[in-house]
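After the sequence you'll find the predicted model.
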Amino acid sequence: MPRETNASRRERAIEVCERLNRRYGPVECFLDHQNPFRLVISVLLSAQTTDAQVNKVTPELFRRWPTPYEMAGASVADVMDVIKSLGFYKTKAKHCVEAAKMIVADFDGEVPSTMRELQKLPGVGRKTANIVLNVGFGIVEGIAVDTHVNRIAHRLALSPKTHEKEPLKTEQDLLKILPHEYWESVNHQWISFGREICSARSPKCAECPLADLCPSCN
DNA sequence: ATCCCGAGGG
DNA sequence: CCCTCTGGAT
């Protein structure tokens, strides 16, 4: 079997986006995003945790520390207590307070709106920065590659296997083959698809709308 | 490469 | 029980 050409890989990637776009349409961000600050905190908290879990703690979190100014003065122990039901709660509590301090001290209380500055915030990496830029500021600079997007990209062989554990490289691969107009919808739509059908554990290949495009499907 | 770390599903 | 969930820092 000959190796797939870049051109056909691109065609397949675009077809994937088209079909998932028809299936899911514009999907909204479920996390609290009343303002960029609450969005950053919510996305930071959502690492390796479902959005539903995050939404359980954010009302109390933002009731007690509504803005970066209050949160910068919070004790890590108190924040920890509020978000204790989330995985990695110790690290996340520290990141919340430290990020709030940095927003106050270095950015005059406003969440920065560039990829470079966002990633200076503790707990904010490339994936979180992409979400904040996109949802919070309407800027589309990349594709947020989380566990779902990463898994789907590799099952569909849109990124080489050698990049399977390197989300940054997977993102670069997707950016290369997908026209910019598709970037924004990838995260939300692929996540919906990943949760509904292309799940990590037992993917429902029998009812998958992309089966004819997927090398992992028998 | 390894650690963080609880809830939920199968 | 074991695996996975909208990752990031060391």
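All right, it came through fine.

Assess the claim that A:Val40 and A:Val124 are in contact.
Yes - under the criterion of CB atoms under 8 Å, A:Val40 makes contact with A:Val124 at 6.7 Å. Where C-beta positions appear, they are placed from N, C-alpha and C, glycine not excepted.

okay, these two: which has more neighbours?
Ranked by neighbour count (other CB atoms under 10 Å), A:Val40 and A:Val124 place A:Val40 first, with 28 against 22.

and that one, what does it touch?
By CB atoms under 8 Å, 6 or more residues apart in numbering, the residues touching A:Val40 are A:99, A:111, A:118, A:121, A:124, A:128, A:132, A:136.

For it, give me phi and psi.
Main-chain torsions, A:Val40, degrees, to the nearest 10: phi -60, psi -50.

so what are the domain limits for chain A?
According to automatic domain parsing, chain A comprises the domains A:6-27+A:143-213, A:36-124.

Just send those domains back as JSON lines, with mean pLDDT too.
Formatted as JSON lines, the domains of chain A follow (pLDDT from 0 to 100):
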{"stretch": "domain A:6-27+A:143-213", "mean pLDDT": "92"}
{"stretch": "domain A:36-124", "mean pLDDT": "94"}
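
so can I have JSON lines of those domains showing distance to DNA strand C?
What follows is the domains of chain A, written out as JSON lines (distance: least, CB to the nearest atom of the strand, whole Å):
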{"stretch": "domain A:6-27+A:143-213", "distance to DNA strand C": "3"}
{"stretch": "domain A:36-124", "distance to DNA strand C": "3"}
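
can you tell which of these is closest to DNA strand B?
Among those, the nearest to DNA strand B by CB to the nearest atom of the strand is domain A:36-124 (2.2 Å).

The closest one close to DNA strand B?
Yes - applying CB under 7 Å from any atom of the strand, one finds that domain A:36-124 is in contact with DNA strand B at A:48-50, A:53, A:84-91.

same check, this time on stretch A:191-202
Yes - counting by CB under 7 Å from any atom of the strand, DNA strand B is contacted by stretch A:191-202 at A:201-202.

Straight-line length of that stretch, end to end?
In terms of CA to CA, to the nearest Å, the two terminal residues of stretch A:191-202 are separated by 15 Å.

Could you give the number of residues near A:Ser192?
16.

what's near enough to touch it?
A:20, A:24, A:27.

burial measure for the second one, as a count.
If I follow you right, that is A:Tyr24. 16.

Can you pull the phi/psi pair for it?
According to degrees, to the nearest 10, A:Tyr24 has phi -110, psi -20.

What is the burial count for the nearest residue to A:Gly109 once chain neighbours are set aside?
Excluding the flanking residues, the one nearest A:Gly109 by CB to CB, 6 or more residues apart in numbering is A:Pro68, at 5.7 Å. When neighbours are counted by other CB under 10 Å, A:Pro68 registers 27.

residues touching A:Pro68, list them.
Per CB under 8 Å, 6+ apart, neighbours of A:Pro68: A:37, A:99-100, A:103-104, A:109, A:111.
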